[in-house]
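Undergrad: Take a look and give me a structure for this.
(chains A and B, ligands or ions: 2)
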Number of protein chains: 2
Amino acid sequence: MADTRSLERLIEALRCLPGVGLKSAQRMAFHLLQHDPHGAQRLAGALSEAVGKVRHCSRCHTFTEDEVCSTCRDPRRDRGLLCVVETPADQAAMERTGAYKGLYFVLMGKLSALDGVGPREIGLDKLFERIAEEDPEVPLREVILATNFTAEGETTAHVIAQALKDHGLQVTRLARGVPVGSELEYVDLGTIAHALVDRR
Amino acid sequence: MADTRSLERLIEALRCLPGVGLKSAQRMAFHLLQHDPHGAQRLAGALSEAVGKVRHCSRCHTFTEDEVCSTCRDPRRDRGLLCVVETPADQAAMERTGAYKGLYFVLMGKLSALDGVGPREIGLDKLFERIAEEDPEVPLREVILATNFTAEGETTAHVIAQALKDHGLQVTRLARGVPVGSELEYVDLGTIAHALVDRR
Ligand SMILES: [Zn+2]
Ligand SMILES: [Zn+2]
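TA: Ligands and ions are numbered 1, 2, ... in the order given. Sure, this is the predicted structure:
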(Lines give C-alpha, C1' and ligand atoms only; values in the text may rest on other atoms or scores of the structure.)
(Ligands and ions follow the chains in the order given, each with its own letter.)
Protein backbone atom coordinates (compact mmCIF):
# COMPACT_ATOMS: atom_id res chain seq x y z
CA MET A 1 0.00 0.00 0.00
CA ALA A 2 1.28 3.43 -0.99
CA ASP A 3 0.42 4.97 2.37
CA THR A 4 2.61 2.55 4.35
CA ARG A 5 5.69 2.47 2.14
CA SER A 6 8.10 3.74 4.81
CA LEU A 7 6.73 1.15 7.27
CA GLU A 8 7.30 -1.61 4.73
CA ARG A 9 10.82 -0.34 4.06
CA LEU A 10 11.52 -0.42 7.80
CA ILE A 11 10.25 -4.02 8.10
CA GLU A 12 12.43 -5.03 5.16
CA ALA A 13 15.48 -3.20 6.57
CA LEU A 14 15.10 -4.87 9.99
CA ARG A 15 15.56 -8.26 8.33
CA CYS A 16 19.27 -7.50 7.88
CA LEU A 17 19.57 -8.32 11.60
CA PRO A 18 20.72 -11.92 12.20
CA GLY A 19 17.88 -14.23 13.28
CA VAL A 20 15.14 -11.74 12.38
CA GLY A 21 12.51 -13.05 9.95
CA LEU A 22 9.43 -11.33 8.55
CA LYS A 23 7.24 -11.82 11.63
CA SER A 24 9.89 -10.59 14.06
CA ALA A 25 10.66 -7.62 11.81
CA GLN A 26 6.95 -6.68 11.76
CA ARG A 27 6.72 -6.91 15.53
CA MET A 28 9.86 -4.82 15.94
CA ALA A 29 8.63 -2.14 13.53
CA PHE A 30 5.18 -1.96 15.16
CA HIS A 31 6.71 -1.84 18.62
CA LEU A 32 9.12 0.96 17.74
CA LEU A 33 6.53 3.11 15.97
CA GLN A 34 3.83 2.52 18.57
CA HIS A 35 5.79 2.53 21.81
CA ASP A 36 9.36 3.72 21.32
CA PRO A 37 9.94 6.25 18.51
CA HIS A 38 12.73 7.83 20.58
CA GLY A 39 14.46 4.46 20.83
CA ALA A 40 14.12 4.10 17.07
CA GLN A 41 15.72 7.50 16.49
CA ARG A 42 18.51 6.68 18.93
CA LEU A 43 19.09 3.37 17.15
CA ALA A 44 19.22 5.14 13.77
CA GLY A 45 21.87 7.52 15.11
CA ALA A 46 23.88 4.74 16.77
CA LEU A 47 23.91 2.68 13.57
CA SER A 48 25.18 5.58 11.46
CA GLU A 49 27.76 6.58 14.04
CA ALA A 50 29.09 3.05 14.55
CA VAL A 51 29.31 2.32 10.82
CA GLY A 52 31.16 5.61 10.36
CA LYS A 53 33.58 5.25 13.26
CA VAL A 54 34.23 1.58 14.01
CA ARG A 55 37.06 -0.12 12.14
CA HIS A 56 39.51 -2.96 12.73
CA CYS A 57 42.62 -2.57 14.85
CA SER A 58 45.63 -2.79 12.53
CA ARG A 59 47.43 -5.01 15.08
CA CYS A 60 44.82 -7.45 16.38
CA HIS A 61 41.82 -6.98 14.06
CA THR A 62 39.28 -6.33 16.81
CA PHE A 63 36.78 -3.46 16.60
CA THR A 64 38.12 -0.05 17.57
CA GLU A 65 37.67 3.60 16.63
CA ASP A 66 41.45 4.11 16.52
CA GLU A 67 44.22 2.86 14.24
CA VAL A 68 45.46 0.62 17.07
CA CYS A 69 43.08 -0.53 19.83
CA SER A 70 43.54 0.31 23.51
CA THR A 71 44.53 -3.28 24.41
CA CYS A 72 47.31 -3.39 21.81
CA ARG A 73 48.54 0.03 22.99
CA ASP A 74 48.50 -0.90 26.69
CA PRO A 75 52.15 -0.98 27.92
CA ARG A 76 51.19 -3.23 30.86
CA ARG A 77 50.20 -6.15 28.61
CA ASP A 78 52.72 -8.99 28.16
CA ARG A 79 53.86 -8.77 24.53
CA GLY A 80 55.32 -12.27 24.70
CA LEU A 81 51.85 -13.85 24.72
CA LEU A 82 49.33 -13.81 21.87
CA CYS A 83 45.86 -15.26 22.33
CA VAL A 84 43.87 -16.09 19.18
CA VAL A 85 40.07 -15.83 19.54
CA GLU A 86 37.19 -15.94 17.08
CA THR A 87 35.25 -12.79 18.01
CA PRO A 88 35.39 -9.62 20.14
CA ALA A 89 32.76 -11.27 22.39
CA ASP A 90 35.19 -14.15 23.03
CA GLN A 91 37.96 -11.64 23.71
CA ALA A 92 35.68 -9.89 26.20
CA ALA A 93 34.95 -13.25 27.90
CA MET A 94 38.74 -13.87 28.25
CA GLU A 95 39.22 -10.37 29.65
CA ARG A 96 36.47 -10.82 32.23
CA THR A 97 38.36 -13.76 33.78
CA GLY A 98 41.20 -11.39 34.70
CA ALA A 99 43.53 -14.39 34.20
CA TYR A 100 45.19 -13.25 31.00
CA LYS A 101 47.55 -10.30 30.56
CA GLY A 102 48.93 -10.86 27.05
CA LEU A 103 47.79 -9.57 23.67
CA TYR A 104 45.12 -10.86 21.27
CA PHE A 105 44.49 -11.62 17.67
CA VAL A 106 40.78 -11.62 16.80
CA LEU A 107 39.94 -13.70 13.73
CA MET A 108 36.46 -12.12 13.37
CA GLY A 109 35.21 -15.55 12.32
CA LYS A 110 36.36 -19.15 11.97
CA LEU A 111 37.23 -21.47 9.10
CA SER A 112 34.01 -22.85 7.66
CA ALA A 113 33.98 -24.76 4.39
CA LEU A 114 30.18 -24.78 4.52
CA ASP A 115 29.91 -20.99 4.65
CA GLY A 116 32.83 -20.49 2.25
CA VAL A 117 35.01 -18.93 4.95
CA GLY A 118 38.65 -19.67 4.15
CA PRO A 119 42.01 -18.60 5.65
CA ARG A 120 41.89 -15.24 3.84
CA GLU A 121 38.46 -14.28 5.25
CA ILE A 122 39.63 -14.73 8.84
CA GLY A 123 42.92 -12.94 8.20
CA LEU A 124 45.32 -15.86 8.75
CA ASP A 125 48.01 -14.19 6.57
CA LYS A 126 47.81 -11.17 8.85
CA LEU A 127 48.10 -13.41 11.90
CA PHE A 128 51.20 -15.16 10.51
CA GLU A 129 52.74 -11.80 9.47
CA ARG A 130 52.08 -10.53 12.95
CA ILE A 131 53.71 -13.60 14.49
CA ALA A 132 56.73 -13.34 12.17
CA GLU A 133 57.41 -9.73 13.23
CA GLU A 134 60.44 -9.36 15.46
CA ASP A 135 59.94 -7.31 18.60
CA PRO A 136 63.50 -6.51 19.80
CA GLU A 137 62.37 -5.88 23.38
CA VAL A 138 59.87 -8.64 24.11
CA PRO A 139 60.02 -11.55 21.67
CA LEU A 140 56.81 -13.53 21.20
CA ARG A 141 57.16 -16.82 23.09
CA GLU A 142 53.68 -18.36 23.10
CA VAL A 143 50.53 -18.41 20.96
CA ILE A 144 47.41 -19.52 22.84
CA LEU A 145 44.67 -20.88 20.59
CA ALA A 146 41.36 -19.94 22.21
CA THR A 147 39.00 -20.58 19.32
CA ASN A 148 35.69 -22.17 20.32
CA PHE A 149 35.49 -25.87 21.12
CA THR A 150 33.15 -26.53 18.22
CA ALA A 151 34.04 -28.53 15.09
CA GLU A 152 34.85 -25.33 13.18
CA GLY A 153 36.77 -23.77 16.06
CA GLU A 154 38.84 -26.94 16.48
CA THR A 155 39.61 -27.03 12.75
CA THR A 156 40.67 -23.39 12.88
CA ALA A 157 42.95 -24.08 15.86
CA HIS A 158 44.41 -27.14 14.11
CA VAL A 159 45.18 -25.23 10.90
CA ILE A 160 46.90 -22.45 12.83
CA ALA A 161 48.87 -24.93 14.96
CA GLN A 162 50.06 -26.78 11.85
CA ALA A 163 51.19 -23.55 10.20
CA LEU A 164 53.16 -22.53 13.30
CA LYS A 165 54.85 -25.92 13.80
CA ASP A 166 58.30 -24.79 12.67
CA HIS A 167 58.27 -21.29 14.14
CA GLY A 168 60.02 -22.31 17.35
CA LEU A 169 57.13 -20.94 19.40
CA GLN A 170 55.14 -22.60 22.09
CA VAL A 171 51.64 -23.13 20.66
CA THR A 172 49.01 -24.02 23.26
CA ARG A 173 45.28 -24.63 23.31
CA LEU A 174 42.91 -23.79 26.16
CA ALA A 175 42.50 -26.90 28.31
CA ARG A 176 39.32 -28.85 27.87
CA GLY A 177 37.82 -27.49 31.00
CA VAL A 178 35.62 -25.73 28.50
CA PRO A 179 32.69 -28.06 27.72
CA VAL A 180 33.07 -29.51 24.22
CA GLY A 181 30.47 -28.17 21.77
CA SER A 182 29.95 -24.92 23.63
CA GLU A 183 30.84 -21.38 22.67
CA LEU A 184 33.25 -19.39 24.78
CA GLU A 185 31.10 -16.34 25.32
CA TYR A 186 28.46 -18.45 27.11
CA VAL A 187 30.89 -20.26 29.43
CA ASP A 188 31.17 -19.25 33.08
CA LEU A 189 34.27 -17.32 34.09
CA GLY A 190 35.67 -19.95 36.47
CA THR A 191 35.73 -22.60 33.77
CA ILE A 192 37.51 -20.28 31.36
CA ALA A 193 40.01 -19.29 34.06
CA HIS A 194 40.80 -22.97 34.82
CA ALA A 195 41.11 -23.80 31.15
CA LEU A 196 43.58 -20.95 30.80
CA VAL A 197 45.77 -22.23 33.68
CA ASP A 198 45.69 -25.81 32.32
CA ARG A 199 46.46 -24.82 28.74
CA ARG A 200 48.45 -27.50 26.99
CA MET B 1 36.74 1.29 26.66
CA ALA B 2 37.06 4.73 25.10
CA ASP B 3 37.99 3.33 21.69
CA THR B 4 34.77 1.31 21.34
CA ARG B 5 32.25 3.83 22.64
CA SER B 6 30.19 3.98 19.42
CA LEU B 7 30.07 0.15 19.34
CA GLU B 8 28.84 0.08 22.94
CA ARG B 9 26.24 2.75 22.15
CA LEU B 10 25.03 0.63 19.21
CA ILE B 11 24.72 -2.49 21.39
CA GLU B 12 22.77 -0.49 23.96
CA ALA B 13 20.52 1.07 21.29
CA LEU B 14 19.71 -2.34 19.75
CA ARG B 15 18.20 -3.40 23.08
CA CYS B 16 15.19 -1.16 22.40
CA LEU B 17 14.07 -3.91 20.01
CA PRO B 18 11.53 -6.26 21.61
CA GLY B 19 13.04 -9.63 22.62
CA VAL B 20 16.63 -8.46 22.18
CA GLY B 21 18.85 -8.87 25.25
CA LEU B 22 22.53 -8.04 25.72
CA LYS B 23 23.89 -11.16 23.96
CA SER B 24 21.60 -10.77 20.94
CA ALA B 25 22.39 -7.07 20.72
CA GLN B 26 26.13 -7.86 20.72
CA ARG B 27 25.72 -10.45 17.99
CA MET B 28 23.63 -8.06 15.92
CA ALA B 29 26.14 -5.23 16.29
CA PHE B 30 29.11 -7.47 15.44
CA HIS B 31 27.27 -8.95 12.47
CA LEU B 32 26.32 -5.55 11.05
CA LEU B 33 29.77 -4.01 11.47
CA GLN B 34 31.62 -7.08 10.24
CA HIS B 35 29.37 -8.34 7.45
CA ASP B 36 26.67 -5.82 6.55
CA PRO B 37 27.53 -2.11 7.05
CA HIS B 38 25.31 -1.25 4.07
CA GLY B 39 22.37 -3.02 5.71
CA ALA B 40 23.10 -1.04 8.88
CA GLN B 41 23.07 2.25 6.98
CA ARG B 42 19.85 1.27 5.20
CA LEU B 43 18.28 0.36 8.55
CA ALA B 44 19.35 3.71 10.03
CA GLY B 45 17.70 5.54 7.13
CA ALA B 46 14.54 3.41 7.28
CA LEU B 47 14.17 4.02 11.03
CA SER B 48 14.46 7.80 10.67
CA GLU B 49 12.13 7.88 7.68
CA ALA B 50 9.46 5.70 9.29
CA VAL B 51 9.53 7.60 12.59
CA GLY B 52 9.21 10.85 10.63
CA LYS B 53 6.44 9.74 8.28
CA VAL B 54 4.30 7.07 9.89
CA ARG B 55 1.35 8.19 12.00
CA HIS B 56 -2.08 6.87 12.97
CA CYS B 57 -5.09 7.07 10.65
CA SER B 58 -7.53 9.55 12.16
CA ARG B 59 -10.42 7.17 11.34
CA CYS B 60 -9.19 3.66 12.21
CA HIS B 61 -5.94 4.23 14.13
CA THR B 62 -3.80 1.95 11.95
CA PHE B 63 -0.37 3.05 10.69
CA THR B 64 -0.40 5.30 7.63
CA GLU B 65 1.56 8.17 6.14
CA ASP B 66 -1.66 10.08 5.38
CA GLU B 67 -4.31 11.76 7.52
CA VAL B 68 -6.74 8.97 6.57
CA CYS B 69 -5.45 5.54 5.49
CA SER B 70 -6.07 4.00 2.08
CA THR B 71 -8.51 1.41 3.48
CA CYS B 72 -10.69 4.04 5.16
CA ARG B 73 -10.65 6.12 1.94
CA ASP B 74 -11.53 3.18 -0.32
CA PRO B 75 -15.08 3.82 -1.73
CA ARG B 76 -15.54 0.09 -2.46
CA ARG B 77 -15.43 -0.90 1.23
CA ASP B 78 -18.75 -1.55 2.99
CA ARG B 79 -19.16 1.30 5.50
CA GLY B 80 -21.88 -0.59 7.32
CA LEU B 81 -19.33 -3.05 8.77
CA LEU B 82 -16.61 -2.26 11.29
CA CYS B 83 -14.09 -4.91 12.34
CA VAL B 84 -12.12 -4.30 15.55
CA VAL B 85 -8.63 -5.85 15.64
CA GLU B 86 -5.67 -5.55 18.00
CA THR B 87 -2.83 -4.75 15.59
CA PRO B 88 -2.03 -3.87 11.97
CA ALA B 89 -0.64 -7.42 11.63
CA ASP B 90 -4.07 -8.81 12.59
CA GLN B 91 -5.70 -6.44 10.12
CA ALA B 92 -3.32 -7.69 7.43
CA ALA B 93 -4.24 -11.30 8.30
CA MET B 94 -7.96 -10.45 7.90
CA GLU B 95 -7.24 -8.75 4.57
CA ARG B 96 -5.33 -11.74 3.24
CA THR B 97 -8.42 -13.95 3.62
CA GLY B 98 -10.21 -11.78 1.03
CA ALA B 99 -13.42 -12.59 2.96
CA TYR B 100 -14.02 -9.16 4.49
CA LYS B 101 -14.94 -5.97 2.66
CA GLY B 102 -15.87 -3.62 5.53
CA LEU B 103 -13.81 -1.12 7.49
CA TYR B 104 -11.53 -1.56 10.50
CA PHE B 105 -10.71 -0.08 13.85
CA VAL B 106 -7.22 -1.01 15.04
CA LEU B 107 -6.79 -0.86 18.82
CA MET B 108 -2.98 -0.95 18.58
CA GLY B 109 -3.03 -3.11 21.71
CA LYS B 110 -5.41 -4.90 24.06
CA LEU B 111 -6.66 -4.36 27.58
CA SER B 112 -4.07 -5.68 30.01
CA ALA B 113 -4.29 -4.97 33.74
CA LEU B 114 -0.86 -6.58 34.15
CA ASP B 115 0.84 -4.19 31.74
CA GLY B 116 -1.24 -1.21 32.88
CA VAL B 117 -3.02 -0.94 29.52
CA GLY B 118 -6.49 0.50 30.09
CA PRO B 119 -9.36 1.63 27.82
CA ARG B 120 -7.67 4.98 27.12
CA GLU B 121 -4.40 3.40 25.92
CA ILE B 122 -6.19 1.33 23.27
CA GLY B 123 -8.39 4.25 22.19
CA LEU B 124 -11.76 2.89 23.25
CA ASP B 125 -13.21 6.43 23.52
CA LYS B 126 -12.21 6.97 19.92
CA LEU B 127 -13.81 3.70 18.92
CA PHE B 128 -17.09 4.59 20.66
CA GLU B 129 -17.02 8.11 19.15
CA ARG B 130 -16.45 6.57 15.77
CA ILE B 131 -19.37 4.18 16.26
CA ALA B 132 -21.66 6.99 17.46
CA GLU B 133 -21.02 9.05 14.31
CA GLU B 134 -23.98 9.09 11.94
CA ASP B 135 -23.20 8.36 8.30
CA PRO B 136 -26.30 9.56 6.40
CA GLU B 137 -25.59 7.33 3.38
CA VAL B 138 -24.49 4.02 4.90
CA PRO B 139 -25.38 3.63 8.57
CA LEU B 140 -23.19 1.30 10.61
CA ARG B 141 -25.06 -1.96 11.13
CA GLU B 142 -22.51 -4.39 12.58
CA VAL B 143 -19.35 -4.33 14.70
CA ILE B 144 -17.23 -7.49 14.37
CA LEU B 145 -14.94 -8.11 17.33
CA ALA B 146 -11.81 -9.77 15.96
CA THR B 147 -9.47 -9.38 18.91
CA ASN B 148 -7.25 -12.37 19.60
CA PHE B 149 -8.63 -15.47 21.31
CA THR B 150 -6.32 -15.05 24.27
CA ALA B 151 -7.43 -14.11 27.80
CA GLU B 152 -6.64 -10.44 27.18
CA GLY B 153 -8.20 -10.41 23.72
CA GLU B 154 -11.39 -12.00 25.09
CA THR B 155 -11.55 -9.44 27.90
CA THR B 156 -11.11 -6.63 25.39
CA ALA B 157 -13.91 -8.03 23.20
CA HIS B 158 -16.16 -8.45 26.25
CA VAL B 159 -15.62 -4.87 27.44
CA ILE B 160 -16.39 -3.48 23.97
CA ALA B 161 -19.47 -5.72 23.60
CA GLN B 162 -20.81 -4.56 27.00
CA ALA B 163 -20.33 -0.91 26.11
CA LEU B 164 -22.18 -1.35 22.81
CA LYS B 165 -25.11 -3.28 24.29
CA ASP B 166 -27.62 -0.44 23.98
CA HIS B 167 -26.43 1.01 20.67
CA GLY B 168 -28.93 -0.97 18.58
CA LEU B 169 -26.08 -2.46 16.55
CA GLN B 170 -25.33 -6.06 15.79
CA VAL B 171 -22.15 -6.90 17.70
CA THR B 172 -20.50 -10.17 16.62
CA ARG B 173 -17.36 -12.09 17.48
CA LEU B 174 -15.31 -14.22 15.08
CA ALA B 175 -16.49 -17.82 15.43
CA ARG B 176 -14.32 -20.14 17.44
CA GLY B 177 -12.91 -21.77 14.40
CA VAL B 178 -9.83 -19.88 15.51
CA PRO B 179 -7.99 -22.15 17.96
CA VAL B 180 -8.34 -20.82 21.52
CA GLY B 181 -5.08 -19.45 22.93
CA SER B 182 -3.64 -18.60 19.55
CA GLU B 183 -2.91 -15.24 17.96
CA LEU B 184 -4.64 -14.23 14.77
CA GLU B 185 -1.58 -13.36 12.75
CA TYR B 186 -0.28 -16.94 13.05
CA VAL B 187 -3.54 -18.65 12.06
CA ASP B 188 -3.98 -20.12 8.58
CA LEU B 189 -6.18 -18.19 6.17
CA GLY B 190 -8.86 -20.90 5.76
CA THR B 191 -9.53 -21.00 9.51
CA ILE B 192 -9.87 -17.22 9.67
CA ALA B 193 -12.17 -17.23 6.63
CA HIS B 194 -14.43 -19.88 8.22
CA ALA B 195 -14.49 -18.05 11.52
CA LEU B 196 -15.55 -14.93 9.67
CA VAL B 197 -18.48 -16.71 7.95
CA ASP B 198 -19.59 -18.33 11.23
CA ARG B 199 -19.37 -15.15 13.26
CA ARG B 200 -22.00 -15.05 15.97
ZN1 LIG C 1 44.35 -4.26 18.78
ZN1 LIG D 1 -7.93 4.16 8.45
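Undergrad: so what's A:D66 up against?
TA: Each residue near A:D66 by Cβ atoms under 8 Å, 6 or more residues apart in numbering or on different chains is listed here: A:57, A:73, B:3. Every residue, glycine included, has its C-beta placed from N, CA and C.
Undergrad: give me that answer again for 6 Å
TA: B:D3 (Cβ atoms under 6 Å, 6 or more residues apart in numbering or on different chains).
Undergrad: just checking, it is part of a helix?
TA: No - under DSSP: H, G, I helix; E, B strand; the rest coil, A:D66 sits outside any helix and is assigned coil.
Undergrad: Dihedrals phi and psi, it?
TA: phi -110, psi 170 (degrees, to the nearest 10).
Undergrad: Report pLDDT for it.
TA: A:D66 carries a pLDDT value of 95.
Undergrad: what's the spacing between it and A:M94?
TA: Applying Cβ to Cβ, to the nearest Å, the value for A:D66 to A:M94 is 21 Å.
Undergrad: Repeat that for A:D135.
TA: From A:D135 to A:M94 the distance is 21 Å (Cβ to Cβ).
Undergrad: and what of A:H38?
TA: Distance from A:H38 to A:M94, by Cβ to Cβ: 36 Å.
Undergrad: Between the two, tell me which one has more neighbours.
TA: A:M94 (23 against 11; other Cβ atoms under 10 Å in any protein chain shown).
Undergrad: What's the separation between the residue lying closest to that one once chain neighbours are set aside and A:D66?
TA: Distance criterion Cβ to Cβ, 6 or more residues apart in numbering or on different chains; nearest residue to A:M94, sequence neighbours excluded, is A:Y100 at 5.4 Å. A:Y100 sits 22 Å away from A:D66, going by Cβ to Cβ.
Undergrad: swap in A:S48?
TA: Distance, A:S48 to A:D66, by Cβ to Cβ: 19 Å.
Undergrad: A:R79 sits in which helix or strand?
TA: Using DSSP states H and E, A:R79 sits within strand A:78-85.
Undergrad: Kindly report the same for A:D166.
TA: Counting by DSSP H and E, no helix or strand carries A:D166.
Undergrad: Close to ligand 1: what parts of chain A are there?
TA: By the rule Cβ under 5 Å from the ion, the part of chain A lying against ligand 1 is A:57, A:59-60, A:69, A:72.
Undergrad: change it to 8 Å
TA: A:57-62, A:64, A:68-73, A:103-104, A:106 (Cβ under 8 Å from the ion).
Undergrad: for the nearest residue to A:E121 once chain neighbours are set aside, helix, strand, or coil?
TA: Distances taken as Cβ to Cβ, 6+ apart place A:G109 nearest to A:E121, at 6.1 Å, with adjacent residues excluded. What three-state DSSP gives for A:G109 is coil.
Undergrad: Would you mind confirming that A:G109 is in contact with A:L124?
TA: No - A:G109 is beyond contact range of A:L124, at 10.5 Å (criterion: Cβ atoms under 6 Å).
Undergrad: For ligand 2, what's its nearest residue on chain A.
TA: Scanning chain A for proximity to ligand 2 using Cβ to the ion identifies A:D3 as nearest, at 9.0 Å.
Undergrad: In three-state terms, label that residue for me.
TA: Classified using three-state DSSP, A:D3 is helix.
Undergrad: follow-up on the earlier one: how many neighbours does the residue nearest to A:E121 have?
TA: Neighbour count for A:G109, taken as other Cβ under 10 Å: 17.
Undergrad: I'd like the average pLDDT over the helix or strand hosting A:V159.
TA: For A:V159, the host element (DSSP H and E) is helix A:151-163. Confidence over helix A:151-163 (mean pLDDT, whole number) is 92.
Undergrad: returning to that earlier point: what separates the residue of chain A closest to ligand 2 from B:H61, distance-wise?
TA: Taking Cβ to Cβ, one finds A:D3 at 14 Å from B:H61.
Undergrad: again with A:C60
TA: From A:C60 over to B:H61 the distance is 52 Å, taken as Cβ to Cβ.
Undergrad: for the residue positioned nearest the centre of chain A, phi and psi?
TA: Taking Cα atoms, centre = their mean as the criterion, A:T87 is the residue nearest the geometric centre of chain A, at 1.2 Å. Here is the backbone geometry of A:T87 (degrees, to the nearest 10): phi -140, psi 160.
Undergrad: For A:P119, see how far away it is.
TA: 17 Å.
Undergrad: Could I get the full set of helices for chain A?
TA: A:5-14, A:22-35, A:37-53, A:70-73, A:88-97, A:124-132, A:151-163, A:189-197 (DSSP state H).
Undergrad: Is chain B within reach of the longest one?
TA: By that I understand helix A:37-53. Yes - residues of helix A:37-53 are located near chain B by Cβ under 6 Å from any Cβ of the partner chain, namely A:37, A:39-44, A:46-51, A:53.
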